[in-house]
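In: Pasting a predicted model and its sequence here:
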Amino acid sequence: MEKPAKIQPATGKLGVLLAGLGAVSTTFVAGVALCRKRLRRPFGSLTQLGTIRLGKRTENRSPAIRDFVPLASLDDLVFGAWDCFADDAHQAATKAGVLTKEDIDLCADELRALRPMKAVFSRDYVRRLDGSHVKQGKNKMELAEQLIEDIGRFTKENGTSRNVLVWCASTEIFLKPTEAHQSLAAFEKALRDNDPTIAPSMVYAYAALRAGVPFANGAPNLTVDIPAIWELARRESLPVAGKDFKTGQTLMKTILAPGFKARMIGLKGWFSSNILGNRDGEVLDDPDSFKTKEESKLSVLDTILQPELHGELYGDFHHKVRINYYPPRGDNKESWDNIDIFGWLDYPMQIKINFLCRDSILAAPIVLDLALLMDLAHRAGFHGIQEWLSFYFKSPMVPPKLYPEHDLFIQLMKLKNTLRWLKGEELITHLGNEYYD
Ligand SMILES: NC(=O)c1ccc[n+]([C@@H]2O[C@H](COP(=O)([O-])OP(=O)(O)OC[C@H]3O[C@@H](n4cnc5c(N)ncnc54)[C@H](O)[C@@H]3O)[C@@H](O)[C@H]2O)c1
């Protein structure tokens, strides 16, 4: 038995602050409200439905994760949000078109009560939107200070004992790390100088950490994947996580690719095409925002298949990802994958997948799990990049010089072993004692 980590109890209310009040955020908030009323069930959420095996198989101990580690309960969650449009969550959910009118009506009061605070927003980073519900300030540091005030006011008005912030706002244009991102001192100077390489999402991240709030990034933006933010997270002893919620087509890729590799089946090509018609799709119609997403989606196969170790199988495959904005579909994305594989004696085979998915239905439980697990991490004294939460991300953040783990099953094992370790339980390696005792 390991020594259990000291975890502060989950007493009081947990504030879940959402940057962006669009399809994902409103589906998440409405879902929590409906589950609290026991009108709907939280499928897709590991924290609500998952179990964890403890000890030896003969012990038959498999408690629910939420009974095993001290998580905030759904009843203790309160929500805050920022958006560059002033629509309340009821209007935003209606426009997003993910949930039925019947479902939205069942939690209309809760949704109407969630009105977004003014955003830190600039069209330079999200060109397809033109929101006017936006903060003004003489530089980005001043805007960060306004966000810190927002968090203070939210905490006071709602009596929260802890908060977490999840970025559910639009995908920003592709940015590469620059000098301004390398240290906290350089970053703070860049905030004061209005440096263009500091995107709004970074201003939120900086403000959250300064206000003592863990930050998880659901979009592929650079945001908290820079040394300056890690330095601040270390200084404030706060966890950060990212990037890009793992849903839809990439989720399927990280389920299938480990299977091909496990069976030493080769890959010649993987062509992925999507149509989607929500606001996210509209934003991704801008080539610079798409580039951020594309980088996130493309990295997955290389790290799972390890062509550097298995050149004959994976040294020369074509991987293409296309996202097409097609308004009639709304949030009900459709994706097609054509996968060219080869097996015994080089014989080619094909797999076709047609996934009629609902993006925000897959993303909402991830927001819930991340909010609860980031809060747990904070109470357990974890800080910096939370690699054990890679399970939830398309482009998991890792400390410098490490490669990310994309295999969904390894990610799940890592997550559960981290929980076992937290509670002083034996880690599970799947080595049966009967073979070596
Ligand atoms: N839906 C999914 O399955 C999924 C999966 C992975 C990642 N994501 C990412 O999650 C994010 C949200 O997706 P969505 O479908 O809800 O998109 P959405 O367009 O419906 O919502 C995003 C909201 O963010 C707002 N916004 C933009 N910039 C902002 C800023 N600087 N501050 C505050 N608000 C701002 C927009 O006005 C909009 O209301 C996107 O970045 C998307 O790429 C979504």
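Out: Structure's in. What do you need? This is a predicted model, so every value here is computed, not measured.
In: The residue nearest to Cys107 when sequence neighbours are not counted is in what secondary structure piece?
Out: Of all residues not flanking Cys107 in the chain, Ala33 sits nearest, at 3.7 Å (Cβ to Cβ, 6 or more residues apart in numbering). The way it works is simple: take the backbone N, C-alpha and C, and place the C-beta from them, glycine included. If you go by DSSP states H and E, Ala33 is part of helix 23-36.
In: try Asp369
Out: Using DSSP H and E, Asp369 falls in helix 359-379.
In: ok, now Val240?
Out: Remark: Val240 resides in strand 239-241, with elements defined by DSSP H and E.
In: now the helix or strand following that strand and helix 359-379, what's the angle there?
Out: Helices and strands here follow DSSP H and E; after strand 239-241, the next one along the chain is helix 248-262. If you take axes from the mean of the first three to the mean of the last three Cα atoms, to 10 degrees, helix 248-262 sits at 70 degrees to helix 359-379.
In: Pull the distance from the next helix-or-strand element following helix 248-262 to the chain's centre.
Out: Later in the chain than helix 248-262, the nearest helix or strand by DSSP H and E is strand 266-276. The chain centroid and the centroid of strand 266-276 are separated by 23 Å, computed with Cα atoms, centre = their mean, to the nearest Å.
In: Show me what strand 266-276 is packed against.
Out: If you count contacts as 3 or more Cβ pairs under 8 Å, 6 or more residues apart in numbering; DSSP states H and E, strand 266-276 packs onto helix 248-262, helix 287-305, helix 311-314, strand 318-325, strand 334-342.
In: List the pairing partners of the following helix or strand past the last one within its sheet, with orientation.
Out: Once the chain leaves strand 334-342, the next helix or strand it forms, by DSSP H and E, is strand 348-356. Strand 348-356 has the following strand partners under DSSP bridges: strand 334-342 (antiparallel).
In: Around the ligand, pick out the residues from the protein.
Out: Counting by Cβ under 6 Å from any ligand atom, the positions of the chain adjacent to the ligand are 19-24, 82-85, 96, 119-121, 126, 129, 131, 168-171, 200, 218-219, 244-245, 247-248, 278-280, 359-360, 362-363.
In: If we use 5 Å, what do you get?
Out: 20, 22-24, 82-84, 119, 121, 168-171, 200, 218-219, 245, 247, 279-280, 359-360, 363 (Cβ under 5 Å from any ligand atom).
In: I only care about the residues you listed that end up buried; give me the ChimeraX line for that.
Out: If you want just the buried ones from those in ChimeraX, going by 16 or more other Cβ atoms under 10 Å, the selection is:
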select :20,22,23,24,82,83,84,119,121,168,169,170,171,200,218,219,245,247,279,280,359,360,363
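In: Low-confidence regions, the chain specifically.
Out: The chain contains residues with pLDDT under 70 at 1-2, 430-437.
In: okay, now the closest residue to Val398 other than its chain neighbours: neighbour count?
Out: Ranked by Cβ to Cβ, 6+ apart and with sequence neighbours excluded, the top spatial neighbour of Val398 is Pro404, at 4.8 Å. By other Cβ atoms under 10 Å, the residues close to Pro404 number 18.
In: Let me know how buried Thr197 is, in neighbour terms.
Out: 16.
In: helix or strand for it, which one?
Out: Thr197 belongs to no helix or strand, assigned by DSSP H and E.
In: which residues does it contact?
Out: 175, 178, 180-181, 190 (Cβ atoms under 8 Å, 6 or more residues apart in numbering).
In: let's go with 6 Å and repeat that
Out: 178, 180 (Cβ atoms under 6 Å, 6 or more residues apart in numbering).
In: Equivalent analysis for Ala377, please.
Out: 239, 386.
In: For the ligand, see how far away it is.
Out: 21 Å (Cβ to the nearest ligand atom, to the nearest Å).
In: how close does that residue sit to Cys168?
Out: From Ala377 across to Cys168, the span is 19 Å (Cβ to Cβ, to the nearest Å).
In: and what of Lys156?
Out: From Lys156 across to Cys168, the span is 23 Å (Cβ to Cβ).
In: circling back to that earlier point, does the residue nearest to Cys107 touch Glu110 like I think?
Out: Yes - using Cβ atoms under 6 Å, Ala33 is in contact with Glu110, at 4.3 Å.
In: ok, these two, which is more surrounded?
Out: Taking neighbours as other Cβ under 10 Å, Ala33 and Glu110 compare with Ala33 leading, 23 against 18.
In: could you measure the more buried one against Ala216, distance?
Out: For Ala33, the distance to Ala216 - Cβ to Cβ - is 21 Å.
In: got the contact list for Lys101?
Out: Contacts for Lys101 (Cβ under 6 Å, 6+ apart) come out as none.
In: how far away is the one residue in the stretch 1-150 of the chain that gets nearest to the ligand from Ile7?
Out: Closest residue of the stretch 1-150 of the chain to the ligand, Cβ to the nearest ligand atom: Gly22 (1.8 Å). Going from Gly22 to Ile7 by Cβ to Cβ gives 33 Å.
In: got it, and Val69?
Out: 7 Å.
In: Give me the more crowded residue out of those two.
Out: Shown here are Val69 and Ile7; by other Cβ under 10 Å, Val69 has more neighbours (21 against 16).
In: So Leu34 sits against Arg40, correct?
Out: Yes - at 4.0 Å, Leu34 counts as touching Arg40 under the criterion of Cβ under 6 Å.
In: intersection of neighbour lists for the two?
Out: Counting by Cβ under 6 Å, 6+ apart, Leu34 and Arg40 have no common neighbour.
In: what secondary structure does Leu39 sit in?
Out: Of the three states, Leu39 takes coil under DSSP: H, G, I helix; E, B strand; the rest coil.
In: Give me the domain ranges for the chain.
Out: Following automatic domain parsing, one gets these domains for the chain: 13-245+361-422, 248-356.
In: what's the most buried one of the ones you listed?
Out: domain 13-245+361-422 (a mean of 20; mean count of other Cβ atoms under 10 Å).
In: Can you give the distance of it from its chain's centre?
Out: The chain centre lies 7 Å from the centre of domain 13-245+361-422; the measure is Cα atoms, centre = their mean.
In: How far does that domain stretch from one end to the other?
Out: For domain 13-245+361-422, the first-to-last residue distance is 22 Å (Cα to Cα, to the nearest Å).
In: Check stretch 230-241 too.
Out: First-to-last residue span, stretch 230-241, Cα to Cα: 10 Å.
In: likewise stretch 59-73?
Out: Distance between the boundary residues of stretch 59-73 (Cα to Cα) amounts to 28 Å.
In: Please apply the same query to stretch 270-281.
Out: Chord length of stretch 270-281, first to last residue, is 22 Å (Cα to Cα).
In: do the same with stretch 396-411
Out: Using Cα to Cα, the end-to-end distance of stretch 396-411 comes out at 10 Å.
In: ok so, going back, what's the first helix or strand after the helix holding Asp369?
Out: According to DSSP H and E, the helix or strand after helix 359-379 is strand 384-385.
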